[in-house]
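> Okay, predicted coordinates and the sequence, questions at the end:
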Amino acid sequence: MRDKPDTSSDSQEDNPKAASAMPPPSRTAIQLNVNGISHRIDVEDRWTLAELLRDQLDLTGTKIGCDRSECGACTVLMNGKPVYACSQLAVWADGADVQTVEGLAQNGHLSPVQQAFIDHNAPQCGFCTPGQLMTATALLSTIPSPDAAQVKQALVGNLCRCSNYNAIVEAVVAAGAQPGARQGGAA
Ligand code: FES
C-alpha cells in the first residue's frame with residue numbers, strides 16, 4: 001500500500017501564517033544613472049533590471065518578450081553596451097550608466113536611427129522596436145557607417161516576430177549613411 005502524502009507542512013501559498021512568517025525580501029541600495037538622471041533606490045535583490053526600469057522608474061519603453069535571454073526586446077545599453085535587461089539583476093547596475101529607448105530622442109528630436117526606422121517602415125507591431133533601436137544605437141556608436149552584413153551581425157540577438165528584418169537592416173544602414181550620424185541620445 002502506498003504511503004499517504006504528508007500534508008503536515010502546508011505550502012506557504014496555502015498557509016497565510018507561513019507566508020506572513022517569511023522574512024521580507026532582502027534589498028540593496030544602489031545608485032545608477034538612467035538616461036542621464038541619477039537614481040538612488042533600494043532594490044529587491046531578486047529584481048531584474050527590466051523590472052526596475054519598468055515597474056519602479058516607469059520606463060516602460062523597455063519591453064519584456066521572452067523574459068529569458070532569447071528575444072532581445074528588453075535590450076538597453078549599460079555603460080554603452082547592449083544587454084538584455086530581463087537577464088541582468090538590478091543590483092548589478094549599481095554605479096552604471098543605463099540608456100533606454102526613452103533616452104534616444106533629444107530636445108524633442110528623434111535620434112537618426114529612430115527617424116530612419118520610421119522612414120523605412122522598420123516597425124511592424126513595434127514590440128521589438130525599442131530593443132532593435134538600442135542595439136542599433138550601440139552599433140552606430142562604434143561603427144558609424146555599417147554595411148548590411150555588419151548590421152545583421154549586430155542585430156542577431158534581436159528577434160522580430162513580424163520578420164521585418166529587411167526594413168530594419170535598411171533603416172540602420174540608412175541611419176549610418178547620414179552625415180555625422182554617430183548615434184547617441186542621453187548617456
Ligand atoms: Fe529579455 Fe526576451 S525579454 S531577451
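The structure has been received and is ready for your questions. Numbers count the residues shown, from 1 in each chain.
> Show me which residues of this protein are close to the ligand?
Applying C-beta under 6 Å from any ligand atom, we find that the chain lies next to the ligand at 64-67, 69-74, 84, 86. (Glycine included, C-beta is placed from N, CA and C.)
> Buried only: go through those residues for me.
64-65, 71-74, 84, 86 (16 or more other C-beta atoms under 10 Å).
> if we take those residues, which one ends up nearest to Ile168?
The closest of those to Ile168 turns out to be Gly72 (C-beta to C-beta; 11.6 Å).
> So which of the residues of the chain next to the ligand are in helices?
In helices, defined here by DSSP state H, there are no members of these.
> Out of those, which sit inside strands?
Applying DSSP state E to the residues of the chain next to the ligand, the entries found in strands are Tyr84.
> Could you provide the buried ones among the residues of the chain next to the ligand in TSV, with additional columns for distance to Ser163?
TSV is the format used below for these (distance: C-beta to C-beta, whole Å):
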residue	distance to Ser163
Ile64	20
Gly65	15
Cys71	13
Gly72	14
Ala73	15
Cys74	20
Tyr84	21
Cys86	22
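> Mind picking the two most distant members of the residues you listed?
Ile64 and Gly72 (11.1 Å).
> quick one: least confident helix or strand in this protein?
Least confident helix or strand of the chain, by mean pLDDT, DSSP states H and E, is helix 16-20 with a mean of 65.
> Going by neighbour count, which residues of the following helix or strand past that helix are buried?
Under the assignment DSSP states H and E, the closest C-terminal helix or strand after helix 16-20 is strand 27-34. Residues of strand 27-34 classed as buried by neighbour count (16+ other C-beta under 10 Å): 30, 32-34.
> Now do the helices in this structure.
16-20, 49-51, 112-119, 129-142, 148-154, 165-177.
> Just put the ones you listed in JSON lines and tack on mean neighbour count.
Listed next are those as JSON lines, based on neighbours: other C-beta atoms under 10 Å:
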{"stretch": "helix 16-20", "mean neighbour count": "10"}
{"stretch": "helix 49-51", "mean neighbour count": "24"}
{"stretch": "helix 112-119", "mean neighbour count": "20"}
{"stretch": "helix 129-142", "mean neighbour count": "24"}
{"stretch": "helix 148-154", "mean neighbour count": "15"}
{"stretch": "helix 165-177", "mean neighbour count": "21"}
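> Same list (these) but as JSON lines, adding distance to Asp42.
Converted to JSON lines, these look like this (distance: least, C-beta to C-beta, whole Å):
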{"stretch": "helix 16-20", "distance to Asp42": "22"}
{"stretch": "helix 49-51", "distance to Asp42": "14"}
{"stretch": "helix 112-119", "distance to Asp42": "33"}
{"stretch": "helix 129-142", "distance to Asp42": "26"}
{"stretch": "helix 148-154", "distance to Asp42": "35"}
{"stretch": "helix 165-177", "distance to Asp42": "38"}
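> Which one of the ones you listed lies nearest to Val91?
helix 49-51 (9.2 Å).
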